[in-house]
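>>> fold the following, please.
(one chain, ligands or ions: 2)
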Amino acid sequence: MDITARPWRSALYIPASRARALDKARSLPVDAILFDLEDAVAPSEKDAARITLREALAQGGYGARSRIVRVNGAATPWGAADLEAVTDMAPDAVLVPKVSHAHEITRIADRLAAAPGCAETGIWAMIETPGGVLNAPDIAAAPRMQALVMGTNDLGKELGCRGRPDRLPLMASLQACLLAARAAGILCLDGVYNAFRDEDGLRAECEQGRDLGMDGKTVIHPGQIAIANVVFAPTGAEIDLARRQIAAYEAAAAQGQGIAVLDGRIVEGLHVATARATLAKAAAIASRGTE
Ligand SMILES: CC(C)(COP(=O)(O)OP(=O)(O)OC[C@H]1O[C@@H](n2cnc3c(N)ncnc32)[C@H](O)[C@@H]1OP(=O)(O)O)[C@@H](O)C(=O)NCCC(=O)NCCSC(=O)C[C@H](O)C(=O)O
Ligand SMILES: [Mg+2]
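Residues are numbered from 1 along each chain as shown. Ligands and ions are numbered 1, 2, ... in the order given. Down below sits the predicted model:
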């Protein structure tokens, strides 16, 4: 399956301990749900959250939304039980936190391979440590890997950098992970925007991530979904340009030419490939019926 062939504009974290939020997500226009057993769940609630999540997933109702479960790390008191539970839940993917080395992924891939219901379960890796950034190419190329997810809070903490609206201190890490994801043919999702009621700030950060090449934004509140969905979807102007580029290129090709000119710019095969991808993404979004 080509994981990049469907939209990933928004991926919503939900603390697995919040039954009401787990229910609400069944009607939210989000492309993926990140059911969180890790940092959003207090230590005293870990065991109950695992049970609550298992029941919610068994009940279903999440439709086309991709179901991703973020487990606790292997070195924590909850990691083993989470992984055991996940093999029963058989989500679309397991999200592994604080990955620093590819062998952490291989270990989970081996475990999933031994679980009868997890033949199709992918692995997503949170990149939120300096080691994770430096080893991102190996991590992205590990078995079952489908996505790198930027953990910009933990990464900022580990780097000791300042939070800035332009995210300059994080830029080398964001781009290193994008390069690794693209080289491996997998997704790269941007980190969360903590000020969840600040729409202008969120939009600006989404636009920055989109311009870098991110596939979508991880979000923490339902109020953030619509902005991510709009920013990471092709605009009307982009769709119009894509259609005209394809038409111009096909007309030139019919006359035996390998290059077309449109609006004073050349159109080559590579631009047509991008144009077709834009139209395919727009069609996939339209078929999902979410804004
Ligand atoms: C941030 C929140 C604690 C705010 O919650 P709350 O005060 O309940 O917000 P609202 O009253 O505005 O909620 C309105 C309704 O929306 C539902 N809701 C809220 N959040 C979610 C959600 N995430 N998913 C689904 N539904 C949600 C409420 O239940 C209300 O519904 P209703 O009662 O029917 O009206 C809260 O949003 C929250 O907990 N968000 C998730 C935080 C989280 O998961 N954090 C961990 C991931 S971020 C991270 O760790 C990134 C990475 O690792 C890094 O290092 O950067
Ligand atoms: Mg984190």
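
>>> which one is the residue of the stretch 1-150 of the chain at minimum distance from ligand 2 nearest to, not counting chain neighbours?
The nearest approach of the stretch 1-150 of the chain to ligand 2 comes at Glu128, 4.7 Å away (Cβ to the ion). (Glycine included, C-beta is placed from N, CA and C.) Spatial nearest neighbour of Glu128, excluding adjacent residues (Cβ to Cβ, 6 or more residues apart in numbering): Gly151 at 2.7 Å.

>>> what about the one you found, how many residues nearby?
23 (other Cβ atoms under 10 Å).

>>> hmm, the residue of the stretch 1-150 of the chain closest to ligand 2 is touching Val96, no?
No. Contact between Glu128 and Val96 fails when scored by Cβ atoms under 8 Å: they sit 10.8 Å apart.

>>> what's across from Ala32 in the sheet?
Ala11, Ser66 (DSSP bridges).

>>> right, and it touches Ala11 too?
Yes. Counting by Cβ under 8 Å, Ala32 touches Ala11, with 4.0 Å between them.

>>> between these two, which contacts overlap?
66, 68, 216 (Cβ atoms under 8 Å, 6 or more residues apart in numbering).

>>> ligand 1: which of the residues you listed is nearest?
Ile68 (12.0 Å; Cβ to the nearest ligand atom).

>>> phi, psi for that closest one please.
Main-chain dihedrals, Ile68, degrees, to the nearest 10: phi -120, psi 130.

>>> cool, Ile127 as well?
According to degrees, to the nearest 10, Ile127 has phi -100, psi 110.

>>> okay, and for the stretch 1-150 of the chain, where does confidence drop off?
1 (pLDDT under 70).

>>> what residues does it put near ligand 2?
Counting by Cβ under 5 Å from the ion, the residues of the stretch 1-150 of the chain lying close to ligand 2 are Glu128.

>>> which stretches of the stretch 1-150 of the chain form strands?
10-15, 32-36, 66-70, 93-96, 122-127, 145-150 (DSSP state E, counting those that start in this stretch).

>>> ligand 1: which of those strands is closest?
Across these, closest to ligand 1 is strand 10-15 (Cβ to the nearest ligand atom), at 3.4 Å.

>>> residues in contact with the closest one?
With Cβ under 8 Å, 6+ apart as the contact definition, strand 10-15 has outside contacts at 21-22, 25, 28-36, 40-41, 49, 66, 68, 70, 149, 189, 192, 216-220, 222, 224-225, 228-229, 232.

>>> so which elements touch the host helix or strand of Met171?
Using DSSP states H and E, Met171 falls within helix 171-184. The contact analysis (3 or more Cβ pairs under 8 Å, 6 or more residues apart in numbering; DSSP states H and E) places helix 171-184 against helix 130-134, helix 136-140, strand 145-150, strand 187-190, helix 199-212.
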